[in-house]
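A.B. asks: Okay, sequence plus prediction incoming.
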Amino acid sequence: MNHTTCLLPAILAGVVGFAFGATASLPESQPAAAPGLPRDCVIFSINVHDFAYLDLSAAALNKILDIHEKHRVPVDFYLTTTMTDLYEAKAPQLLQRLKTSPVASVSYHVRPPSPYYVGYDWLGLGQIDAQAQYETIMRYETHGLDPVTGQPTDQPGGYKKLADLMGYDPCAASAQAEVALASVAAAVFKDLGARLLVEHGHAINFGDKRGDMFLRPELVDLKLYEHLGTAPSAILQEAFEQAHRIPTARAPYFVGVKMHDNNFFARDAAWTAVYMQGPRRPPWDLDRKAPLVPEARQAAMWDLYESTVAYVASHKESIRAVSAPMVVQMLNSRSDARAPRLYVSGTMHIETNPGSWPNPDRLLAFFERATKAGRVAGRDTGMRWSIGADIGWLEGEPRAGEIIRATEAMGVEWDVHAHKMQDRPRCAAAIRRLGGHPNAVASGLIATELGELRSPIQSSDGSSWQAEVVWGIVRRPGHGPGADDNAAGLWRPKSAEEFTVDDPAGHLVAVGGGSRRLEEAEKLAKDLAAGDVDRPPVISATIMVSPRLLAIVGTEDGIEAIEAWANRVGAMPVAQWATIRETAKAWLAAGAIPSRMDIETASPTVAGPKPPLGLGKAPFPKPPLPGARGRAGAE
């Protein structure tokens, strides 16, 4: 079965009234959340594991769903493999309701007799190597669990069965594993599709990770069942005050409101009675049961729970209730904004020499296809292109106006390309005269021209033009060995002598094109997608086409090769189609963080003071993980 990855459309579409932008007014002593994120959040979590009183457990879950649907507040249910099997056999309607409820999401947790639960390694997993541990845990999480022997069965079970029944990969997995087994268990759950790990015993901020997986944020573990007789307002106020006081805490502040199914009817959970209060080795006696609590206590617990849900629902301006899928969405929103993007452009230079001019009909046919290349699923446009034409072609090609207007109608932009400084304003004026709209990109220049390009350029005919963006810097005239600057990425050139140095005070933006070839641009996109090191948010690469041959310069890669390449690159989320001008605009909007890098090695080459995000020769350091010494503690 194909699953979605822990995304519940009803919740993520905002059925519960969640809004990222709304936050309460803040006292000056407390930091605000990042833009677009709420400041104080609660996650309602129901741990489901009472196999001894299955009918009462199912009734409790149905009543919890009633409460949350009534108040339109999201809630996460954590099922074990045993409860999944029992509900499938004896309460299939409940599983269907969990799957379709607009407020419910289902995640997964581990309980004994799984031998990787904390303090419960009866199988001796700690005595075998990591590969054998991985294979053993993977077998447990893809097969059923015999509650008497503790051994995996030949039937489907574990995390995978729950995912198959729900139709999506449960967002969060709570392995509750010993430190020695936690990383292996996390690897298993990640490979099966989980997006969040659940830990306890230390404060977890939004965005914290264990290895390469995000942790479910939780600064305060609020065990609501321990607060009978206290008003929800007081309970939550104290919990958030506690969260705000944690020295390492940062907004948004998360409080986990936790209940177990047995809290509504039994003194202890069934797994506690069987596996913790009895022997810790197989075989286990499933007839051991915790006593039921008096009806008055049951009623009081339900009153406390519903009043807490109702309180959160009525205070949406100051408290946001979120679920595990919502946390993932919040992380994706934040990560998408900060994740590196490779802005890929296509360009062409048409020179003054008539011998290099393109055939007009073939040129238009090329751009008809090239502007559609890479328009794959999820993309609004195909590749984005620009053309730079020198004054000889603009004034000498009889069909220049027709070509300019037709290509602009396809979305092609016209850069300003000239081999003489005084011809640049003439080129811009000619494009306008022919019905086009020249931009402020100086496409193709010698480094020594940078000084002049910082000011408006006047021509002898009185026309004027001002560059804002430069592309295609060469160190000396011609394109001999070592002449072209083949860096990718963006920066502000300091001077003609130090044009590779970023000048934060400069106003000319240099857009690096890299090698201008297909394979190098694709490799850079793959390297960025791998995410081995942190990168600045906007990086650039360009492919360049010969106007006469209509193939990538220096290759035989024509429109068919470009289309196939664009479909591959366009399918990569890291890639963004943009013209050279649009790339510079995106870079400025993202904070103008220098990203110049050598295309062959993808190693940063910006000289000068070290800019943000650690551009330098060494790999970017990773901060230490919060709570690195903690364990995946018990709930």
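C.D. replies: Yep, it's here.

A.B. asks: Which residue ranges make up each domain of this structure?
C.D. replies: What automatic domain parsing lists as the domains of the chain is 9-23+32-336, 339-609.

A.B. asks: Next, format the ones you listed as JSON lines and append mean neighbour count and mean pLDDT.
C.D. replies: Where you see a C-beta, it was placed from the backbone N, CA and C, and this is true even at glycine. Formatted as JSON lines, the domains of the chain follow (neighbours: other CB atoms under 10 Å; pLDDT from 0 to 100):
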{"stretch": "domain 9-23+32-336", "mean neighbour count": "19", "mean pLDDT": "91"}
{"stretch": "domain 339-609", "mean neighbour count": "19", "mean pLDDT": "91"}
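
A.B. asks: ok, which stretches of the stretch 151-300 of the chain are helices?
C.D. replies: All helices of the stretch 151-300 of the chain, identified by DSSP state H, counting those that start in this stretch, fall at 158-166, 179-192, 232-245, 270-271, 295-313.

A.B. asks: Give the next helix or strand downstream of the last one.
C.D. replies: Translated: helix 295-313. strand 320-321 (DSSP states H and E).

A.B. asks: quick one: the strands in the stretch 201-350 of the chain?
C.D. replies: For the stretch 201-350 of the chain, the strands defined by DSSP state E, counting those that start in this stretch occupy 209-210, 213-215, 220-223, 253-260, 320-321, 341-350.

A.B. asks: Next, the residues that contact the fourth one from outside, please.
C.D. replies: Put plainly, it is strand 253-260. With CB atoms under 8 Å, 6 or more residues apart in numbering as the test, strand 253-260 has contacts from 39-50, 64, 204-206, 216-225, 236, 239-240, 243-244, 269, 305, 308, 635.

A.B. asks: How about the first one?
C.D. replies: With CB under 8 Å, 6+ apart as the test, strand 209-210 has contacts from 182-183, 186, 197, 199, 215, 625.

A.B. asks: tell me which of those residues is nearest to Arg516?
C.D. replies: Distance to Arg516 across the contacts of strand 209-210 (CB to CB) is lowest for Leu625, with 40.7 Å.

A.B. asks: What pLDDT is listed against the closest one?
C.D. replies: If you check Leu625, the pLDDT there is 28.

A.B. asks: isn't Ser174 right next to Thr80, touching?
C.D. replies: No - counting by CB atoms under 8 Å, Ser174 does not reach Thr80; the two are 9.7 Å apart.

A.B. asks: Need the overlap of contacts for those two.
C.D. replies: 108-110.

A.B. asks: any idea which of those is closest to Arg516?
C.D. replies: Distances from Arg516 to those, taken by CB to CB, are shortest for Tyr108, at 48.6 Å.

A.B. asks: Look at the closest one and tell me its secondary structure.
C.D. replies: strand (DSSP: H, G, I helix; E, B strand; the rest coil).

A.B. asks: a strand runs through Val42, doesn't it?
C.D. replies: Yes - remark: Val42 belongs to a strand, assigned using three-state DSSP.

A.B. asks: who touches it in this structure?
C.D. replies: 236, 254-257, 312, 319-322.

A.B. asks: And the helices in the stretch 301-450 of the chain, which stretches?
C.D. replies: 324-338, 360-370, 391-396, 400-409, 423-433, 450-453.

A.B. asks: which one of these lies closest to Gly554?
C.D. replies: Per CB to CB, nearest to Gly554 of these: helix 360-370, 17.4 Å.

A.B. asks: can you dump the C-alpha coordinates of that closest one into PDB?
C.D. replies: Extracted C-alpha coordinates of helix 360-370, given in PDB (Å, rounded to 0.1, in the frame of the first residue of the first chain):
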ATOM      1  CA  PRO A 360      14.800  33.100 -36.600                       C
ATOM      2  CA  ASP A 361      12.300  30.300 -37.200                       C
ATOM      3  CA  ARG A 362      14.500  27.700 -35.500                       C
ATOM      4  CA  LEU A 363      15.200  30.000 -32.600                       C
ATOM      5  CA  LEU A 364      11.500  30.600 -32.000                       C
ATOM      6  CA  ALA A 365      10.800  26.900 -32.300                       C
ATOM      7  CA  PHE A 366      13.600  26.200 -29.800                       C
ATOM      8  CA  PHE A 367      12.100  28.600 -27.200                       C
ATOM      9  CA  GLU A 368       8.600  27.200 -27.700                       C
ATOM     10  CA  ARG A 369      10.000  23.900 -26.300                       C
ATOM     11  CA  ALA A 370      12.600  25.200 -24.000                       C
END
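
A.B. asks: That helix: how far from the chain's middle?
C.D. replies: Put simply, helix 360-370 sits 37 Å off its chain's centre (CA atoms, centre = their mean, to the nearest Å).

A.B. asks: quick one, it and helix 400-409 angle?
C.D. replies: Our comparison of helix 360-370 with helix 400-409, counting by axes from the mean of the first three to the mean of the last three CA atoms, to 10 degrees, yields an angle of 10 degrees.
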